[in-house]
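Chemist: quick one: sequence and predicted model below, then my questions.
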Amino acid sequence: MFDSLFTLAISFSGFNPLLWVYVIIGGILIGAGVHFIPVGGAPAAMSQATGVGTGTTMLAAASGLTGLIGAGSAYALHPGDFAFTIVLGGVSAALMISVLAFIANVMYVYGAGVPLASAKIKYDPITRWRQDLYVSRGTEGHGSPMVSFISGIIGAFLAGMGGALVYFGLVETYKAIPGFSATFGTYPAPYYVSLAAAFAIGIFFLNCVMASYNIGGTIEGFHDPKFKRIPRSIVASLFVSLVGGLFALLIAVMLPGGI
Amino acid sequence: MAEGERSPRQLLAIGVVGALIGIYLANYLNSWTSTAWFSFFAGLGAVLAVFWGADAVRRVASYGLGTGVPSIGMLSIGAGQVAVLLGLAAAKYYGVEYVAPIFALILAAIIGIVNGVMARRVIRMNIAIMERSMTEIAMAASLIILGFSTVIAGSFTFDKILSYVVASGFIIAVFIVGGMAMLHPFNACLGPDERQKRTLNLALSTGFIAMLVSGIAAGAINGVQAAVPTLIIAIFGWIIYYLRFFGDTKEDAAALLSTGLLPSEEEVA
């Protein structure tokens, strides 16, 4: 065992530090992106707070996994195309969150009968529309007004880009392992795609939940005072994805001869 | 800790020892007999890990996470998944595949500690048992993923898990269902009248549902041999523990505890 430890130390082949950096930056982007997304949580589900009415875990899973599917499809179409993978991952996640926030808004307005308003600001910074007059007494706002909506799209784009970066770093690493181009039965996706997707989901959840602990559950967007806590989340994401990314990339080092 | 509850240490022992025994039994009985009849042992082990993980979730989430109980379950199952796959690969690299579950457990503990330290020291969540709980839940999550993966693949070698569980896509089912099994019990039972026995009976019931799902997946890989015993045990376990949970709920619901009226201003002063 000790001689193999020694060989591990001297032959760190298959481990590309640049790809590790991609995973870490991806993790930080995921953590930062969550701060932009209007997470309303349980109060918003009863239209008593601004944002989409569900928790970070669900919102991040919805937009993050869509981003991952986008990134995966982009990578399958143009293997190794960095910009295409990253941008398509971001766009897919942004598309998902805009559909989610829009449908939720339709339900708030036509179903619950509440106007879209934020209680944290007097004027919407984008439309300059008055907010405080439309907030029902005893609530923290309703639905996703323009500023939260735009903020959500920015956040999902960042988080989707982050997820795609993680996926890109992992898939590039695993593609080089001998035997990983095999497929399971008649499935079109080779082993390295499945393994990278599984790890990307794990690292995605690690970072987005850390960020959601930082915002304490709910946030309205970049105009929310809680947005100023973002540096702490960046530090936490840095360390979490440092360890998670190292573990994920070490697989390549552990399998020099493939499977 | 209230009267008649299981202590965290006792549950840790049940979870770790039970899950490891189950996973090893499944792997070695399957390989000695060259069949897949014994895969269900790993499922039983994973159910014990769910039992332990649900109690760890219960302990930390009763402080109030601010983001809902599911968050810590999904965080830890993500950590567990990364740990399991690296643990299996590391065991293969060192040529000691029989210690793969121990490797996975140690790696999960490392990620769990990092998560706990980040959550408590950097994000400054005011929960005293954060590090310990994150570590325990990540370890339980790694055993859950490894247990259900062993049910599906029939063995815990890296090659088999990679092709039968990861490449076939069943890993996502194991990920979500295993996480749900662990986080759902406390999420459903939380509140001032929450009681460990009721929550843990629900945990066993959700654990058996997760075993049911892995049994169906095992049928696609190893056929009838793996699926039939797993499904029969899972269905019976689910029914038994769901009825127990239902009984506990009725028992607890009948009790009415008066907290008294709010003290008046003069009494407080």
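Modeler: Everything's here; your move. These numbers come from a predicted model, not from an experiment.
Chemist: any stretches of the stretch 1-150 of chain A with poor pLDDT?
Modeler: Under the criterion pLDDT under 70, the flagged ranges of the stretch 1-150 of chain A are A:1-14.
Chemist: my read is that B:F148 contacts B:I176, right?
Modeler: No. Applying Cβ atoms under 8 Å as the test, B:F148 and B:I176 come out as separate, 11.2 Å apart. In this view, the C-beta of every residue, glycine as well, is placed from N, C-alpha and C.
Chemist: more neighbours: which of the two?
Modeler: More neighbours surround B:F148 than the other of B:F148 and B:I176, with 35 against 16 (other Cβ atoms under 10 Å in any protein chain shown).
Chemist: let me see the contact set for the more buried one.
Modeler: B:A42, B:G43, B:A46, B:V174, B:V177, B:G178, B:A210, B:M211, B:V213, B:S214 (Cβ atoms under 8 Å, 6 or more residues apart in numbering or on different chains).
Chemist: switch the cut-off to 6 Å
Modeler: B:A46, B:V174, B:G178, B:S214 (Cβ atoms under 6 Å, 6 or more residues apart in numbering or on different chains).
Chemist: alongside chain A, which residues does chain B contribute?
Modeler: Taking Cβ under 6 Å from any Cβ of the partner chain as the criterion, chain B approaches chain A at residues B:66-68, B:70-71, B:74-75, B:78, B:81-82, B:86, B:89-90, B:93-94, B:111, B:114, B:118-119, B:122-123, B:125, B:159, B:163, B:166-168, B:171.
Chemist: now, those that are in helices?
Modeler: B:70-71, B:74-75, B:78, B:81-82, B:86, B:89-90, B:93, B:111, B:114, B:159, B:171 (DSSP state H).
Chemist: pull out the buried residues from the helix or strand where B:A210 lies.
Modeler: Using DSSP states H and E, B:A210 sits in helix B:196-222. By neighbour count with 16 or more other Cβ atoms under 10 Å in any protein chain shown, helix B:196-222 contains the buried residues B:196-219, B:221-222.
Chemist: how far away is B:L20 from A:L238?
Modeler: 33 Å (Cβ to Cβ, to the nearest Å).
Chemist: residue closest to the middle of the chain?
Modeler: Since no chain was named, I'll use chain A. Closest to where the C-alpha atoms of chain A average out (Cα atoms, centre = their mean) is A:A159, at 3.5 Å.
Chemist: try chain B instead
Modeler: Nearest to the mean C-alpha position of chain B, by Cα atoms, centre = their mean, lies B:V50 at 2.6 Å.
Chemist: show me the contacts for residue 26.
Modeler: In the absence of a named chain, chain A is used. Contacts of A:G26 by Cβ under 6 Å, 6+ apart are A:G162, A:L165, A:V166.
Chemist: the chain in question should be chain B.
Modeler: B:A26 is in contact with B:F38, B:S39, B:F41, B:A42, B:T150, counting by Cβ under 6 Å, 6+ apart.
Chemist: report the longest helix in chain B, please.
Modeler: helix B:224-254.
Chemist: I'd like the distance from it to the chain centre, please.
Modeler: Distance of helix B:224-254 from its chain centroid, counting by Cα atoms, centre = their mean, to the nearest Å, is 16 Å.
Chemist: report the buried residues of it.
Modeler: Going by neighbour count (16+ other Cβ under 10 Å), the buried part of helix B:224-254 is B:225-227, B:229-231, B:233-234, B:237-238, B:241-242, B:244-245, B:248-249.
Chemist: closest to chain A out of these?
Modeler: Comparing those against chain A with Cβ to the nearest Cβ places B:A226 closest, at 16.8 Å.
Chemist: residues in contact with that closest one?
Modeler: Residues in contact with B:A226 (Cβ under 6 Å, 6+ apart) are B:A36, B:S39, B:G154, B:A218.
Chemist: what do you get if the cut-off is 10 Å, keeping everything else the same?
Modeler: B:26, B:30, B:35-40, B:43, B:151-154, B:214-215, B:217-220 (Cβ atoms under 10 Å, 6 or more residues apart in numbering or on different chains).
Chemist: then B:I221?
Modeler: A:184, B:36, B:39, B:151-154, B:160, B:163-165, B:168, B:170, B:227.
Chemist: what's the pLDDT at it?
Modeler: pLDDT for B:I221: 90.
Chemist: for B:L85, same thing?
Modeler: For B:L85, the model assigns a pLDDT of 92.
Chemist: ok, it - how many residues close by?
Modeler: 30.
Chemist: OK, contacts around it?
Modeler: Here B:L85 is in contact with A:195, A:198-199, A:202, A:247-248, A:251, A:254, B:104, B:107, B:142, B:145-146, B:149, B:158, B:161-162, B:165-166, B:171 (Cβ under 10 Å, 6+ apart).
Chemist: of the contacts of B:A26, which is the most crowded?
Modeler: That'd be B:A42 among the contacts of B:A26, by other Cβ under 10 Å, with 35 neighbours.
Chemist: remind me what the helix or strand harbouring that one packs against, helices and strands.
Modeler: B:A42 belongs to helix B:40-61 when elements are defined using DSSP H and E. Secondary-structure packing of helix B:40-61 (3 or more Cβ pairs under 10 Å, 6 or more residues apart in numbering or on different chains; DSSP states H and E): helix B:8-33, helix B:69-93, helix B:100-117, helix B:130-153, helix B:170-189, helix B:196-222, helix B:224-254.
Chemist: 6 Å instead, please
Modeler: Counting contacts by 3 or more Cβ pairs under 6 Å, 6 or more residues apart in numbering or on different chains; DSSP states H and E, helix B:40-61 packs against helix B:8-33, helix B:130-153, helix B:170-189, helix B:196-222, helix B:224-254.
Chemist: now do the fourth one against helix B:8-33, angle only.
Modeler: Angle, helix B:196-222 to helix B:8-33, by axes from the mean of the first three to the mean of the last three Cα atoms, to 10 degrees: 20 degrees.
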